[in-house]
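Trainee: Pasted the sequence and its predicted model underneath.
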Amino acid sequence: MSRFRLAIRAPAAPCAAAIVFCLLLLASPLRAAGEKFAARQGELAVAAQNDAPQRHVPRRDADHHSLTDTRWQWPTWDDFVSVVSLRNVNTLWVLLGTTILGVSAGVVGVFMLLRKRSLAGDVVGHASLPGIAVAFLVCEAISPGAEKSLPALLVGAAVSGLAGVLCMAGIRRLTRIKEDAALAIVLGTFFGLGIALFTVLQSIPSGNQAGLDKFIFGNAASMLGGDLWLLAITALVVLLSCALLFKELSLVCFDEDFAAVQGWPTFLVDTVLMGLVVLVAEVGAQTVGLILVVALLIVPAAAARFWTQRVLVMTLLGAALGGLSTGLGTILSALFPNFSAGPIIVLTGGAIFAVSLVFGARRGMAWRLITLIQMRNRVGRHDLLRAFYEALEKSSARNGKPAAAAALTERSIGLDDLLVRRRWSPPRLRRLVAAARRQGLVVVDQKQLRLTEAGAAAARRAARNHRMWELFLIQHADVAPGRVDRYADQIEHVLEPDVVRELEDLLARGYPELAVPASPHALEPAGGKP
Amino acid sequence: MITRTLPAPLPISDQEHPGSCPLSIHDMTVAYHRRPVLWDIDYDAPPGKLIAIVGPNGSGKTTLIKAALGLVPAASGEVRFFGMRYARQRGRVGYVPQRESVDWDFPVSALDVVAMGLYGRIGWCWPVTRRYQREALAALARVGMADYAHRQISQLSGGQQQRVFLARALAQSADVYLMDEPFAGVDAATERAIVEILRELRSQGKTALVVHHDLQTVTDYFDEVLLLNMRLIAAGPVEQVFTSENLRKAYGGKLALLDEVGHKMRLAGGGQ
């Protein structure tokens, strides 16, 4: 197992940090702050019920919607059917909206991840808070007590989110402070300012604060027709920009310097990407909240990375997994209405990430484990066949020439003959023999083992590779003949045909196509070795 | 203040026709955070030659290339490629950055990386069409990597990765190449391949400036050498410039520089 390592490589590291960060946040979903909003939340839900028919009406009692309400129950079968069959038109709209959001966030997230700016989405999210508060105060000053217009709040959020990102870039560029510290400074300061402003505006007696907490905690369920349009336009902008600038974005993500040398305006490309992030983050904040929006961006992209080695495929997968996680999360949150939808959506994404981590086709852990097991099986098979060859070598040789494949199949040997040739335990040897038998390399007849034709050819190849490698080590790497066996053992199993060809060239073509060179060192039973 | 001890580089026959000088650097000084890294560099690269840029660690070899390409802002001085500013000659200049400068775990294939050298010709928003893929494949074949075209780049050896970078610059079919340590940490096969490519480029009348760290092979691989240690120590044909005297000056490091300054101060101030 020592070779089996969970290698989360460089680009995965920042996103892993982002994921851990989000999970930490989820662990105590701002309960303390939540309680403050709880009463208002309850009112909101009631308001939502009385307000307009097009709102998604919570199916249970309004007071269940409160964050302080910890009671919950499994959905009944009827609930399940009615949600999954999308009989409720509101659920359908919400599902459509969140899925669109998930797709656009997934696409932008892929480029963020590849640009190694995973946490920029987090900065945008946190830095939006003061902008929302300021926009609210401005609206309040213009028309006190009125319901605040969503576009105004969104513009405020976008402006301050962008300001946060620019501050971070400025700090990084103009000082010697590194990126991670710049991020912590900007994120903390902006969020602190936002919270301070929020406490101020909550104390405004006449203020209609409806819709504000939606930004902080997200509220997918209260999606309106206008929100859906906003999401659709966002998705259109995101998908169109990423499709048109796919080549340019990948180039800047991979090799910024080369892009600059080639005359690509890397700053402009970066700005477009950052603009898309701000767009998705602000629009997405209404669904999952400002604090969790980074997960919407990065988690699907990080999950997609486990399945592919191509940017294009990764982008498409990011979109698919993003849509899947938000869609699935929305359905789950409809089944469990006591839980806030945002965290459920984010957790669904986390689950999809976990599945990708383990089962990802290219880099998943399970795949690596299978490769490792296959490798071990191959090594065992080579060892067995080579032991076979060595046991039969002397008796099958004709006129000093190496044993022909046909000669190898004629004689049979007992298990004990093989057992002394290497240091392997009897159970392991029996397992190897059984495997070889299944593969048609060996036949067993009354406890005597005999190579089949295929087995004989494979045995010759195994012995040949081993000895060629040994000769190479002795002749070209100055390894002492006494130690060469063990060194060769470690590498011969991974010799590819072109390496074997190169070895043949190197060893002065002294060994015709099929012949096996004689062993460069004395062959003795394994027991005799130190 | 250090004054240059060498006269300006030997006048090159066609200096009067600045259009044919692949790279000319005039009075260039580069500083990071006020600390000068390159000091008052004057250099005209002769056309059709293989030029090694040699100097100890931290002598500004990489900075010289980056400043010439505008990746690092120069505090003063100017750079001309074939007599014009770089921005107008991008197509004629090929750049091979250091291998460590990118993340090789990036999800692209060798062919994708080579195609990046063609993006400038493909233009905004257009995808890499089959025609350009064929061109990229041809460039990969030139460095002996055609068989690895569809491998993800992290599955290539260090030498193979270096060859992919070289192929990306070749795909551009530039006239002057700037290469940053292409021989660093590569296997023998790659070293042979790169040398072969360099000679091929020279036979086509192209120029290559190569940051090189292996002093032993300078005479074998290169025609000209540029010795650098914060300032230009010497430049010219290998046999004239690559002398132990010049090398001592370049590699004597700061000590040699201080010696020289002290010597000058003694001369100027009458000694202490």
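Mentor: Yep, it's here.
Trainee: A:Tyr389 and A:Val516 touch, don't they?
Mentor: Yes. Using CB atoms under 8 Å, A:Tyr389 makes contact with A:Val516 at a distance of 7.4 Å. Placement of C-beta: from N, CA and C, glycine included.
Trainee: Please identify which helix or strand holds whatever residue of the stretch 401-530 of chain A ends up closest to chain B.
Mentor: In the stretch 401-530 of chain A, the residue that lies nearest chain B is A:Asp498 (8.5 Å; CB to the nearest CB). Taking DSSP states H and E as the criterion, A:Asp498 maps to helix A:497-506.
Trainee: Give me the more crowded residue out of A:Tyr389 and A:Val516.
Mentor: Each of A:Tyr389 and A:Val516 has its neighbours counted (other CB atoms under 10 Å in any protein chain shown); A:Tyr389 has more, 25 against 21.
Trainee: tell me the phi and psi of the more buried one?
Mentor: A:Tyr389 has phi and psi values of phi -60, psi -40 when expressed as degrees, to the nearest 10.
Trainee: residues contacting it?
Mentor: A:Ala403, A:Leu408, A:Ala459, A:Arg460, A:Ala462, A:Ala463, A:Val516 (CB atoms under 8 Å, 6 or more residues apart in numbering or on different chains).
Trainee: repeat that for 7 Å
Mentor: Contacts of A:Tyr389 were listed using CB atoms under 7 Å, 6 or more residues apart in numbering or on different chains, and they are A:Ala459, A:Arg460, A:Ala462, A:Ala463.
Trainee: Surely the last one touches A:Pro517?
Mentor: What that stands for is A:Ala463. No. Contact between A:Ala463 and A:Pro517 fails when scored by CB atoms under 7 Å: they sit 8.9 Å apart.
Trainee: What sits closest to the residue of chain B found nearest chain A if chain neighbours are left out?
Mentor: Residue nearest to chain A within chain B: B:Gln152 (3.9 Å; CB to the nearest CB). The shortest distance from B:Gln152 to any non-neighbouring residue, by CB to CB, 6 or more residues apart in numbering or on different chains, is to A:Gln309 (3.9 Å).
Trainee: I'd like to know how many residues surround that neighbour.
Mentor: 21.
Trainee: and the residue of chain A nearest chain B?
Mentor: Closest to chain B within chain A is A:Gln309: 3.9 Å, counting by CB to the nearest CB.
Trainee: Could you look up the SS state of that residue?
Mentor: What DSSP: H, G, I helix; E, B strand; the rest coil gives for A:Gln309 is coil.
Trainee: so what's it up against?
Mentor: Taking CB under 7 Å, 6+ apart as the test, what A:Gln309 contacts is A:Arg362, B:Pro107, B:Gln152.
Trainee: for A:Cys167, same thing?
Mentor: A:Cys167 touches A:Val186, counting by CB under 7 Å, 6+ apart.
Trainee: Show the model's pLDDT score for it.
Mentor: Note on A:Cys167: pLDDT of 93.
Trainee: Pick out the least confidently modelled helix or strand of chain B, by mean pLDDT.
Mentor: Within chain B, no helix or strand scores below helix B:253-269, which has a mean of 57 by mean pLDDT, DSSP states H and E.
Trainee: Burial check on residue 252, number of neighbours?
Mentor: The chain I'm using is chain A. By other CB under 10 Å, 25 other residues sit near A:Val252.
Trainee: meant chain B actually
Mentor: 16.
Trainee: and what of B:His213?
Mentor: 17.
Trainee: does it count as helix, strand or coil?
Mentor: Following three-state DSSP, the label given to B:His213 is coil.
Trainee: Under a three-state scheme, what state does B:His150 occupy?
Mentor: Per three-state DSSP, the secondary structure class of B:His150 is coil.
Trainee: you'd agree B:Tyr221 is up against B:Val195?
Mentor: Yes. Contact status for B:Tyr221 versus B:Val195: in contact at 5.7 Å, counting by CB under 7 Å.
Trainee: what about the strands in chain B?
Mentor: Along chain B, counting by DSSP state E, strands occupy B:23-32, B:35-45, B:50-54, B:76-80, B:93-96, B:176-179, B:207-211, B:224-229, B:231-237.
Trainee: Report the contact partners of the closest residue in space to A:Leu328 that isn't next to it in sequence.
Mentor: The shortest distance from A:Leu328 to any non-neighbouring residue, by CB to CB, 6+ apart, is to A:Thr348 (4.9 Å). Going by CB under 7 Å, 6+ apart, A:Thr348 touches A:Ser325, A:Leu328, A:Gly329, A:Leu332.
Trainee: got the contact list for the last one?
Mentor: What that stands for is A:Leu332. A:Ile344, A:Thr348.
Trainee: quick one, helices of the stretch 151-300 of chain A?
Mentor: A:179-202, A:212-217, A:225-244, A:246-254, A:256-261, A:266-288, A:293-305 (DSSP state H, counting those that start in this stretch).
Trainee: Mind putting those helices into a markdown table with distance to B:Ala74 and mean pLDDT?
Mentor: Formatted as a markdown table, those follow (distance: least, CB to CB, whole Å; pLDDT from 0 to 100):
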| stretch | distance to B:Ala74 | mean pLDDT |
| --- | --- | --- |
| helix A:179-202 | 26 | 91 |
| helix A:212-217 | 47 | 76 |
| helix A:225-244 | 34 | 92 |
| helix A:246-254 | 23 | 96 |
| helix A:256-261 | 15 | 94 |
| helix A:266-288 | 19 | 91 |
| helix A:293-305 | 38 | 94 |
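Trainee: which stretches of the stretch 301-450 of chain A form helices?
Mentor: For the stretch 301-450 of chain A, helices defined by DSSP H, counting those that start in this stretch occupy the ranges A:311-335, A:341-359, A:365-396, A:405-410, A:415-419, A:426-438.
Trainee: If you count neighbours, what's buried in the third one?
Mentor: Neighbour-count burial for helix A:365-396, counted by 16 or more other CB atoms under 10 Å in any protein chain shown, picks out A:365, A:367-368, A:379-393, A:396.
Trainee: same check, this time on stretch A:113-126
Mentor: A:113-126.
Trainee: same deal with stretch B:88-108?
Mentor: B:89-90, B:92-99, B:102-108.
Trainee: same for chain A: which of these are within range?
Mentor: B:Arg90, B:Tyr95, B:Pro97, B:Val102, B:Asp103, B:Asp105, B:Phe106, B:Pro107, B:Val108 (CB under 7 Å from any CB of the partner chain).
Trainee: So for these, which is the shakiest by pLDDT?
Mentor: Ranking these by pLDDT, B:Arg90 lands last with 90.
Trainee: Tally up the residues packed near the closest residue to that residue other than its chain neighbours, please.
Mentor: Once flanking residues are discounted, B:Arg90 sits nearest to A:Gly263: 4.6 Å by CB to CB, 6+ apart. A:Gly263 has 15 neighbouring residues, counting by other CB under 10 Å.
Trainee: For A:Gly263, what are phi and psi?
Mentor: phi 90, psi 10.
Trainee: Would you mind listing what in chain A touches chain B?
Mentor: Applying CB under 7 Å from any CB, we find that chain A lies next to chain B at A:9-11, A:114, A:244-245, A:247, A:251, A:254-255, A:257-258, A:260-263, A:305, A:308-311, A:314.
Trainee: Any of those residues buried? List them.
Mentor: If you count burial by 16+ other CB under 10 Å, the buried members of those come out as A:11, A:114, A:245, A:247, A:251, A:254-255, A:257-258, A:260-262, A:305, A:308-311, A:314.
Trainee: my read: A:Val165 touches A:His126, true?
Mentor: No. Shown here, A:Val165 and A:His126 do not form a contact pair, counting by CB under 7 Å, at 10.9 Å.
Trainee: what residue ranges in chain B score low on pLDDT?
Mentor: For chain B, residues meeting the criterion pLDDT under 70 lie at B:1-19, B:253-272.
Trainee: Spell out which residues of it are next to chain A.
Mentor: B:69, B:71, B:90, B:95, B:97, B:101-103, B:105-108, B:116, B:119-120, B:125, B:127-128, B:152.
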